[in-house]
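> Sequence plus predicted model, see below.
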Amino acid sequence: MYSNLWLIPFFPLVGSIINGLFGKKIKNEKVIGGIATIAIFLSFLVSCQNFFRLLGDTEKVHQQILGSWMSIGILNVEWGFLLDPLSALMIMVVTGVGSLIHLYSIGYMHGETGFYRFFSYLNLFCFSMLMLVLGNNALVMFIGWEGVGLCSYLLIGYYFEKKSAGDAAKKAFVVNRIGDFGFLCGLFTLFWALGSKGVWTLNFVEISENAHLLQSGGLLVTVVTLCFFLGATGKSAQIPLYTWLPDAMEGPTPVSALIHAATMVTAGIYMIARMNILFAMSPTTMMVIAFVGAATALFAASIGFAQNDIKRVLAYSTVSQLGFMFMAMGVGAFTAGIFHLMTHAFFKACLFLGSGSVIHGMHHAYHHAHLHDDPQDMRNMGGLRKFMPITWITYLLSCLAIAGMPFFAGFFSKDEILWWTFASTRGSYLVWIIGTIAACMTAFYMFRSLYMTFHGEQRTDVRAKDHIPESPWVITLPLIILAGLATIAGFIGIPHAIDVAHVGNGIASFLDPVFGQAQQLHNIGIPEDLAHNVGLEIGLMCMSVVIGLIGIGGAYYMYMKKQELPAKFTGAFPGLHKAVFNKWYIDELYDFLFVNPCKKIGTFLWKGFDVCVVDGVVNGIGWVVKGLASGLRYTQSGFLHNYAMIMVVGVVVIVGYYIFG
Amino acid sequence: MLENYLPVLVLIGIAVAFAVGSVVMSGLIGMKKPSAVKLAPYECGMPLVGSARERFSVKFYIIAMLFILFDIEAVFLYPWAVMFKRLGMFGFVEMGVFIAILLVGFIYVWKKGALEWE
Amino acid sequence: MENLAQIAMESVNFQAIMPSLVLCCFGMVLLLVSVFLERGRTAPICWLSIIGLVVTGIISINGWNDPQAGFAGGVVLDNFATFFNLTCLIAAGLTILMSDSYLHREGYPVAEYYPLILFTTAGAMWMASGTDLMTIFLGLEVLSVSLYVLAGFFRGQLRSNEAGLKYFFLGAFSTGFMLYGVALLYGVTGTTKVAGIAEAIRLMPDASSNPMIIAGAILLSIGFLFKIGAAPFHMWTPDVYQGAPTPITAFMSAGPKAAAFAAFMRVTYISLDSLQVDMSAMFWVLAVLTMTIGNFVAIAQKDVKRMLAFSSISHAGYALVGMVAWNEVGFSGILFYMLVYTFMNIGAFAVLVLIGKQGEDNLTLDGMAGLGYKRPFLGVAMAIFLFSLMGLPPTAGFTGKFFIFAGALKAGYVWLAILGVLNSAVSLYYYLRVMVYMYFRDPVEDFSWVKMEMATIVSILIAIAGVLYLGVLPGPVMELAKLSIF
């Protein structure tokens, strides 16, 4: 039935190999971009086919086993894919958004050196991401997990001649490794823990089926899930491992859109959702997740207030939105979290691509005027609405979505999360309050970026002013599609309270086979009395809309009406502004706490231990080896009689040893 | 078990004794009146033209090798011929295969020109 | 005496030798055809011999899971034999694919080359399926004699002559030891049948202290150890590998070695099972010696072909580890490793075949400088093969070594496994050095003489596919290898 699952990651892999090997020869950008885009589009088609087939199917969990990968004693690992509602949704997002961003990149990356390299990496990323979401066991998932990390590294460092890009890539890689360490620890502990109960497995279906063997709420489950959560914070940029994501904006903008907003950074959310049964068993872990998510949401939003680089604003917004998703996971609102993951993929990809379109236009104008101003700095923009109408309207729609304005996609998903934080059995008022404040701040800084970029007077250098073009269709078409999705995608998850037409909450019932069991078993959900309290739910909804409007209004007031206000404000609280502007000095703190001590230890190990002891030993071994090698070489004299002699000696020694020894 | 091989051993002993004995005895009791002609390699043939220790043409070796090869074939044919009636059709076919294989070699050698002197 | 024909008929079972029979017929027909073709026309023979290999391969595969014994128990075609047959056939096929353009380049377009490879392969197959020491010996001789000729095939080249002659002399020498071992075992047990010897030794009360049995077993082993190039019987390998035509070197290091391992395993595992303790101890020492000597001397080499010759010694050492382990994992590991080695080593030699100039004097480390940039495909291919030879994932070299060492660990030979892994680490040095030259040295030459011959490229691609497939998805083939253990 579902035997063509393997095609989904296969197409991008082939595309990546073709462009990687022959891209340099092909040279023609249209062909290179076409190959990559077609590859991912083909896997989108296959994903669609499987998705719709699954929609109409009563059996919701399907595995395709390609073959045995390794079979060593107790450990049996297969190359297998798992299609259930969760992974089906994920592949739709990855391939769908991925296709659009590939198309967009053809326009955006036009004329870049290493065009083929970019598309090869991008395809490789899609392959890895699809392996991650489709893998039916933790090891296949781990391949994808490492693969996306690698591609992220390669793509952040795409402009490797820039030092900052190289540093950012290294930072992303190193921080991710810390997370990977957690992931692996969790994996090994889980493997051992289940194994000691007689089930040696890494298969997700089997893990879910046998999770009950572990003690619910026990220390073991908490340790395992906390380890996994550490892995998730690395990949999904949560406190304390979020610092790499804003720096990752050094990569090309489509990369930021695809990898650092829509897909890869959601891998942590996906992983928790995939193992929801285990997480549901540990209330402690879930509480930690909820608070870490809430803290991240608030913290990142605060930094977003004072950034002037348009992409950095979006980066902190991504961190903050990921915090919302973790909040959802923490309070047991798995469905809402995944729902927000999906809507966020649409509007955030659209926002990033919109910013990319702006940067593209600004860059073009500066290039035309031979200026070297920063095309990403919002202080150089303003009033771009009339030059880039399509970009403006799509950006506006996405801003409305992220601000949670009614009936845009973000409204449904964010409100669902906030409702759960308020009402769920695992919820907490504190989390709810933080979430609501963060939502208000989100609306504020997103509209700040909108106003600074597209509205008001134009602050661009006069020489470049009139040369800002609207982007070509390959750029605007993805924008339009994503903006459309950001507008309407929410209707697949209409909450019960306002479901006047009784269409039902589509996404909840679709994902129920994945999450229902865990929620039922561990009593996670909205209590009866609250569930039917329609008035309360609608009231909270209205409140969050009002809060969003306050944020928007504040931004309008400060950045459109009274434009001197921000300056006054910073003048009044210079210390605060400086702290926020410098991202609360977290990077500096980490440098002080971890990086510099590590460096010092490293330097000591290098200068003291390594150079003297290790190098001494290694070089010593090297000398011995070389000496041995050249010594032994002389046995190979080339004389037949010597060879025969050595053989005879060998025979005599062996036979003699056994007979007389 | 090993005693069964005693006659073989005896036969080997007699053969060796005969060969060695003949040479030794002729050296011991034979009359020796050497002369230049008598010591020549071919006592009653052509007069010598040079040293016998020359390099022989490789062609001799090829011919010699081929001779041995096909000679062995003949050796196999004798016991087969003795048992021919008892082996019946099967034996006939088997020997046919054997000769066919040698025939392949023969044709190969022939076409390669190994049998031609020049 | 009356039913002599009857008896002869009954024990005949052509099914049991069908693959090698077909291959021999192909060889003979091609030999005949070759003399009727004009001199220098080798292409038809080349392609016909490929067809012969494919046909033989299909016949072999058909015999899977259908063991056939014949010729009075002298031959058996079981899964074990079939697995090795296929390994040898793959080795021969890859070799032939890269040979034709090579022979023309080197100026020896002589068609007998191909039938000789077929005969070698047939001999290898007999060795793999021989269950009587005489059959095994027959196979060994057919294989060896053909290889002597092939090693000295470029009769105008001094190095090739030297290779042929040295191989012949030392081969004859080792055969002498082996036959003496057979004779001793026959003297004690009264039979040359593999199973019969096992039976006789088992019934003997103090077999492991009987000098005739011990000496017989060791001398018999030496014949095989010589063929696989284990120390201290490896001395011929570097000179012969370096002097022989490159495709033949590739073939020698894979096909005949696999066949020698096949016969070796059958004899030790079945006949000498009662002597396990002594034999394992001997293999332990020889395995360590072989790995170490191969790896260490390879470090000092400047010629890539010669370096690969030493590396081939060390790989024989790794495979010997599987013999030491003397368990299912170790033995099936050897089967798997031989297949892996066939792909990776022949692939590496195929790259050398392409980049060599006539006379092949440029196959030194300096000659590889900048290959990765001037000829990216060949560079990447070579890199894959070298990674595999090093034993790094996700290539087959890693899985191969993994299974072998897993076998050793399972049998409790922790130190042996550690020494093996340490040796692998040493080998990184000289394999990586080739990579360094390929990618980090400025090209001295432009490699403009390199012709991307289609057939050779195909052989490289097959080898890459094999290396990656066995590296990423070793499961199915490993399963087959496990099913092949008797």
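Arrived safely.

> Could you tell me how far residue A:600 is located from residue C:161?
Distance of residue A:600 to residue C:161, given as CB to CB, to the nearest Å: 65 Å. Using the backbone N, CA and C atoms, a C-beta is placed for each residue, glycine as well.

> more crowded one of those two?
residue C:161 (16 against 10; other CB atoms under 10 Å in any protein chain shown).

> I'd like to know which elements the helix or strand hosting the more buried one is packed against.
Element membership for residue C:161, per DSSP states H and E: helix C:158-189. Counting by 3 or more CB pairs under 8 Å, 6 or more residues apart in numbering or on different chains; DSSP states H and E, the packing neighbours recorded for helix C:158-189 are helix A:640-660, helix C:133-151, helix C:194-203, helix C:211-228, helix C:236-243.

> redo that, cut-off 10 Å
helix A:640-660, helix C:133-151, helix C:194-203, helix C:211-228, helix C:236-243, helix C:246-266 (3 or more CB pairs under 10 Å, 6 or more residues apart in numbering or on different chains; DSSP states H and E).

> Please identify the most buried of these.
Sort those by mean neighbour count, taking mean count of other CB atoms under 10 Å in any protein chain shown, and helix C:246-266 sits at the top with a mean of 28.

> Run the chain-centre distance for it.
Its chain's C-alpha centre lies 2 Å from the corresponding centre of helix C:246-266 when counted by CA atoms, centre = their mean, to the nearest Å.

> Give me the phi and psi angles of whatever residue of chain A ends up closest to chain C.
Residue nearest to chain C within chain A: residue A:68 (2.8 Å; CB to the nearest CB). For residue A:68, the backbone dihedrals (degrees, to the nearest 10) come out as phi -80, psi 140.

> Report the separation between the nearest residue to it once chain neighbours are set aside and residue C:95.
Spatially, and ignoring its direct neighbours in sequence, residue A:68 is nearest to residue C:475 (2.8 Å; CB to CB, 6 or more residues apart in numbering or on different chains). To residue C:95, residue C:475 is 28 Å away according to CB to CB.

> cool, residue C:64 as well?
Residue C:64 is 24 Å from residue C:95, by CB to CB.

> So residue A:640 sits against residue C:172, correct?
No - between residue A:640 and residue C:172 there is no contact under CB atoms under 10 Å: 11.4 Å.

> quick one, what contacts residue C:78?
Going by CB atoms under 10 Å, 6 or more residues apart in numbering or on different chains, residue C:78 touches C:16, C:63-69, C:128-129, C:131, C:266, C:484-486.

> Show the buried residues in those residues.
For the contacts of residue C:78, a burial check counting by 16 or more other CB atoms under 10 Å in any protein chain shown picks out C:16, C:63, C:64, C:67, C:68, C:69, C:128, C:129, C:131, C:266, C:484, C:485.

> State the distance from the last one to chain A.
Taking CB to the nearest CB, to the nearest Å as the criterion, residue C:485 is separated from chain A by 16 Å.

> give the contact list for residue 90.
Assuming you mean chain A. Contact partners of residue A:90, counting by CB under 10 Å, 6+ apart, are A:47, A:129-130, A:132-134, A:263, A:266-267, A:269-270, A:273-274, A:338, A:341-342, A:345.

> I was after chain C.
Taking CB under 10 Å, 6+ apart, we find residue C:90 in contact with C:53, C:57, C:254, C:255, C:258, C:339, C:342, C:343, C:346, C:462, C:463, C:466.

> So which bits of the stretch 1-150 of chain A are right by chain C?
A:20-22, A:24-25, A:66-73, A:76-79, A:143 (CB under 10 Å from any CB of the partner chain).

> Which members of these occur in helices, if any?
Counted as lying in helices by DSSP state H, out of the residues of the stretch 1-150 of chain A next to chain C, are A:20, A:21, A:22, A:24, A:25, A:143.

> For residue C:165, grab the count of nearby residues.
17.

> quick one, strands of the stretch 1-150 of chain C?
Ranges of strands in the stretch 1-150 of chain C, per DSSP state E, counting those that start in this stretch, are C:68-70, C:75-77.

> want to try TSV for those strands, with mean pLDDT and distance to chain A as columns?
As requested, these are exported to TSV (pLDDT from 0 to 100; distance: least, CB to the nearest CB, whole Å):
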stretch	mean pLDDT	distance to chain A
strand C:68-70	87	29
strand C:75-77	91	27
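
> Whether stretch C:119-130 contacts chain B - can you check?
No - Stretch C:119-130 does not reach chain B (CB under 10 Å from any CB); its nearest approach is 12.0 Å.

> mind listing what's buried in that stretch?
Buried residues in stretch C:119-130, counted by 16+ other CB under 10 Å: C:119, C:120, C:121, C:122, C:123, C:124, C:125, C:126, C:127, C:128, C:129, C:130.

> Over to stretch B:99-116?
Neighbour counts over stretch B:99-116 (16+ other CB under 10 Å) mark B:104, B:105, B:106, B:108, B:109 as buried.

> contacts for that stretch?
Contacting residues not belonging to stretch B:99-116 are listed as B:59, B:62-63, B:65-66, B:69-70, B:72-73, B:76-77, B:96, C:24-25, C:27-29, C:31-32, C:34-36, C:112, C:115 [CB under 10 Å, 6+ apart].

> ok, now stretch A:534-542?
In contact with stretch A:534-542 (CB under 10 Å, 6+ apart) are residues A:404, A:406, A:411-412, A:415-416, A:418-419, A:422-423, A:432, A:436, A:495-499, A:526, A:529-531, A:533.

> Kindly recompute the last result at 6 Å.
A:415, A:497 (CB atoms under 6 Å, 6 or more residues apart in numbering or on different chains).

> Fine by me, we can end here.
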